[in-house]
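Q: Could you look at this predicted model? Sequence included:
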Amino acid sequence: MSIRTFFTKQTILGVLLFSSISAWAQPRLELQSVIEAATERDPWLGQSSYKQDALMEESVAEGALPDPRVTIGAANLPLDTFDTGQEPMTQGMIGITQRIPRGDSRRLASAKKEELAGVQPYLRQNRRAQVTETATHLWLDLWKAQESIRLIEQNRGLFEQLADVAEAGYTSATMGSRQQDVIRASLELTRLEDRLTALHTQLASSREALGEWIGSRRAQLSVAENIPPLLLADVSSSWPETSVESVIRHPSVRATDQLIDVQGIDVDLAREAYKPEWSVFAQYGYRDRAPNGQDRADLFSIGIGFDLPIFTGSRQDRRLNASAARLEAEKTDRVLRIRSLKAKARSALARIERLDDRIDLYQQTLLPQMEEQADASLTAYNNDDGDFAEAVRARISELNAEVELIQMMAERAKTLASFRYLTTEASNIPSFSMTDLQD
């Protein structure tokens, strides 16, 4: 039985069960609308944009010169009288000092913040892909519970008929029915009710989980009856197993590329620490008149200052070594990330292939055989040539197989959604690549 035939059968039976036209006129929760709503409501994306804006503002600030330092004071005051005109050396001073950071450190510090800001767009792309995967999984959980309930509700009438037949046969004693057949039919109906209760619990739990992303009120809608064709597509040959290029464009890898560039700038900044830091200063000194009324010339001073980074063993050398080690650690993290993405993608492909085999087996062989067995057992029982328990078991096995098929289809679609996340490509071509990447 094909997927199309399976869902066509469900639709027909569902229409018979829910005959009210108004019920079917209610809006359905489509997967694409769920993904769009979850993405729009995700506050993390807005937070990331704010972080990027903050880092870009800091980039401009890091590239600016430090604020000049102004000093105001008095020099050479006589302690006996504190008369500013008593001594020729006494002066009121005002000065300004401008510090000039080491080497090219201002440009490098600005570039570092800019590179950090460049991480955020890739993180947002990765987040959108993660939200799409999460929303898809939650939607499929809803679909699985909803369709399982629908299928069991459609088959409950059959089990009720079996119970009626057993009771009628036991009452009239014309079909050889036994009391245990009546009890067995009642027991199976009770188990069916218990199964429905468990599925309704799963359905409610899935709605609450999805409500976190799209709102509780919207999550109460019924989902669409069919899995979108995109999640039923064949992907067995859509991804080259050994191609590194297929995963280095993943947003999380591109974010790591940016962080590697940031660590590279940190290494350059550590090298700048070996250069002196300069400062220039200018100072004006005002002198009061002498006690005899003679004018005194005001004074002006100008000069430069710099430090001497000559004892580098315990500071500059250590910081440079630390920056280089962090750079290598970030490169290693990139290798591990790519390995993980490749391994998970291969695992997802293998799982999809096995699920495809099982789904095909169920649709083409197992379900038709179970249907034939159930029909044959029921016919034999009706002809007083079979056991009632066997007829019930055959119907239960058929129902279990149909529910299992729904679960497998949901699991297959969820695995494909995860595979699509693992093989997501960022919008830009990576600027960083490693030639020593190992499989």
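A: Good, I have the coordinates.
Q: Which residue is the nearest non-sequential neighbour of Gly63?
A: In this structure, Gly63 finds its nearest non-sequential neighbour in Ser110, 3.4 Å apart by CB to CB, 6 or more residues apart in numbering. (Glycine included, C-beta is placed from N, CA and C.)
Q: How about the contacts made by the one you found?
A: Residues near Ser110 by CB atoms under 8 Å, 6 or more residues apart in numbering: Ser59, Val60, Glu62, Gly63.
Q: Next one: it from Tyr50, what distance?
A: 20 Å (CB to CB, to the nearest Å).
Q: Could you do Glu212 as well?
A: 22 Å.
Q: And the two? Which one has more around it.
A: Set side by side, Glu212 and Tyr50 show more neighbours around Glu212, with 13 against 10, by other CB atoms under 10 Å.
Q: I'd like the mean pLDDT over the one helix or strand that one maps to, please.
A: Assigned by DSSP states H and E, Glu212 belongs to helix 179-214. Averaged across helix 179-214, the pLDDT comes to 83.
Q: Figure out how far that helix is from the centre of its chain.
A: The chain centroid and the centroid of helix 179-214 are separated by 32 Å under CA atoms, centre = their mean, to the nearest Å.
Q: Same check on stretch 215-224?
A: Here the centre of stretch 215-224 is set off from its chain's centre by 22 Å, with CA atoms, centre = their mean.
Q: Restrict that stretch to CA atoms and write it as PDB.
A: Output in PDB follows, covering the C-alpha atoms of stretch 215-224 (Å, rounded to 0.1, in the frame of the first residue of the first chain):
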ATOM      1  CA  GLY A 215       1.700  30.500  21.200                       C
ATOM      2  CA  SER A 216      -0.600  28.200  23.200                       C
ATOM      3  CA  ARG A 217      -3.700  29.300  21.500                       C
ATOM      4  CA  ARG A 218      -2.500  28.600  18.000                       C
ATOM      5  CA  ALA A 219      -1.000  25.300  19.000                       C
ATOM      6  CA  GLN A 220      -4.500  24.000  19.800                       C
ATOM      7  CA  LEU A 221      -5.400  23.800  16.100                       C
ATOM      8  CA  SER A 222      -5.300  20.400  14.400                       C
ATOM      9  CA  VAL A 223      -2.300  19.900  12.200                       C
ATOM     10  CA  ALA A 224      -2.600  19.100   8.500                       C
END
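Q: Show only the entries of the contacts of Ser110 found in strands.
A: Among the contacts of Ser110, no member is found in strands (DSSP state E).
Q: Turn those into a markdown table, columns for neighbour count, pLDDT and distance to Val70.
A: Below are the contacts of Ser110 laid out as a markdown table (neighbours: other CB atoms under 10 Å; pLDDT from 0 to 100; distance: CB to CB, whole Å):
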| residue | neighbour count | pLDDT | distance to Val70 |
| --- | --- | --- | --- |
| Ser59 | 18 | 94 | 27 |
| Val60 | 11 | 94 | 24 |
| Glu62 | 19 | 92 | 23 |
| Gly63 | 15 | 92 | 23 |
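Q: Out of these, the closest to Glu114 would be?
A: Proximity of those to Glu114 was ranked by CB to CB; the top entry is Ser59 with 4.5 Å.
Q: isn't the closest one right up against Leu108?
A: No: counting by CB atoms under 8 Å, Leu108 is not a contact partner of Ser59; they are 11.2 Å apart.
Q: tell me the mean pLDDT for the helix or strand hosting Ala38?
A: Assigned by DSSP H and E, Ala38 falls within helix 31-40. Helix 31-40 comes out with an average pLDDT of 94.
Q: Can you give the distance from that helix to the centre of its chain?
A: Computed by CA atoms, centre = their mean, the chain-centroid distance of helix 31-40 equals 14 Å.
Q: what is the orientation angle of it with helix 179-214?
A: 40 degrees (axes from the mean of the first three to the mean of the last three CA atoms, to 10 degrees).
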